[in-house]
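K.L.:
Could you work out the structure for the sequence below:
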Amino acid sequence: MKAMVVETKRAIEAVLMAAIEPVEPQMLAQLTETPVDQIEALCTELHDEYERDGRGFTIARVAGGYRYQTHPEMTGYIERFVLEGQSVRLSGPALETLAIIAYKQPVSRAQLAAIRGVSVESTIATLIQRGYVMEIGHDPGPGQAILYGTTIRFLEQMGIDSLQDLPPLAEFVPEPSVVEALERGLHLRVEDSPTTGDDVDGEGNGDAAVGPSDIDITSDSTQG
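P.N.:
As a prediction, the model looks like this:
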């Protein structure tokens, strides 16, 4: 029995090492002729073994499957290796739009524009091109607006198994008094010095500003 367990764990390691994308436990169970619950238990054992040995990698449950990935404590070294000298990254506005989609999905372009205060056409195009966002349906209301959501690639890049693993949004929301102060300050600055409100995405494209009269930002049912 012990020999069979060892062989199954070796098989799991071999398959995950060869896989490009996360491997579902059902697939691992089929390949090794082992019950799914035992596969999940063995993956947990492997994870714990790597932790005890202080390895620089681990097995993680991501996007519904298992994969090898670098240990979180090694992030600094990985960033230095992968990101050094690279210039093609998502811009701040693109990351902001992606975060809104992740938490609010399904969401239309008009809803995104209302929340961000600028047009998001080119930003969405960039996120779709990068494989983080996709069309997931149409709003049943008038206009049949396209609705957007995140992809499996988004879960993989975030290193999470499902959207439920995203950190609670409340952790990033300021107190009401802070919001009021910001709104007062922004209102004064807009009256004194109007701005263009251009939004530049990761590809260097600009998005036109959307004025308060263009979109009702108080409604979640805004159509695209």
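K.L.:
Going by C-alpha atoms from here, please, whenever you check contacts or count neighbours.
P.N.:
OK.
K.L.:
does I160 count as helix, strand or coil?
P.N.:
With DSSP: H, G, I helix; E, B strand; the rest coil as the basis, I160 sits in coil.
K.L.:
Read off the pLDDT value for it.
P.N.:
Looking at I160, its pLDDT reads 88.
K.L.:
does the residue positioned nearest the centre of the chain belong to a helix or a strand, and which?
P.N.:
The centre of the chain sits closest to F154, judged by C-alpha atoms, centre = their mean, with a distance of 4.2 Å. Of the helices and strands defined by DSSP states H and E, F154 is found in helix 152-158.
K.L.:
okay, now the domains of the chain?
P.N.:
According to automatic domain parsing, the chain comprises the domains 2-79, 92-207.
K.L.:
quick one: low-confidence parts of this protein?
P.N.:
Applying pLDDT under 70 to the chain picks out residues 82-88, 170-224.
K.L.:
what ranges do the helices span in this protein?
P.N.:
2-18, 25-32, 36-53, 75-82, 92-104, 109-116, 121-130, 152-158, 176-192 (DSSP state H).
K.L.:
Which of those has the highest mean neighbour count?
P.N.:
Compared across these, helix 109-116 shows the largest average neighbour count, a mean of 22 (mean count of other C-alpha atoms under 10 Å).
K.L.:
I'd like the C-alpha coordinates of that one written as PDB, please.
P.N.:
The C-alpha trace of helix 109-116 is given here as PDB (Å, rounded to 0.1, in the frame of the first residue of the first chain):
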ATOM      1  CA  ARG A 109     -18.600  49.000 -20.700                       C
ATOM      2  CA  ALA A 110     -21.100  51.700 -19.600                       C
ATOM      3  CA  GLN A 111     -21.000  50.500 -16.000                       C
ATOM      4  CA  LEU A 112     -17.200  50.500 -16.100                       C
ATOM      5  CA  ALA A 113     -17.100  54.000 -17.600                       C
ATOM      6  CA  ALA A 114     -19.500  55.200 -15.000                       C
ATOM      7  CA  ILE A 115     -17.400  53.900 -12.100                       C
ATOM      8  CA  ARG A 116     -14.100  55.000 -13.600                       C
END
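K.L.:
related to what we said a few turns ago, so which of the helices of the chain comes closest to L169?
P.N.:
L169 lies closest to helix 92-104 among the helices of the chain, at 7.8 Å (C-alpha to C-alpha).
K.L.:
so the closest one versus helix 109-116, what angle?
P.N.:
Put simply, helix 92-104 runs at 110 degrees to helix 109-116, going by axes from the mean of the first three to the mean of the last three C-alpha atoms, to 10 degrees.
K.L.:
Who are the packing partners of helix 92-104?
P.N.:
helix 109-116, helix 121-130, strand 146-150 (3 or more C-alpha pairs under 8 Å, 6 or more residues apart in numbering; DSSP states H and E).
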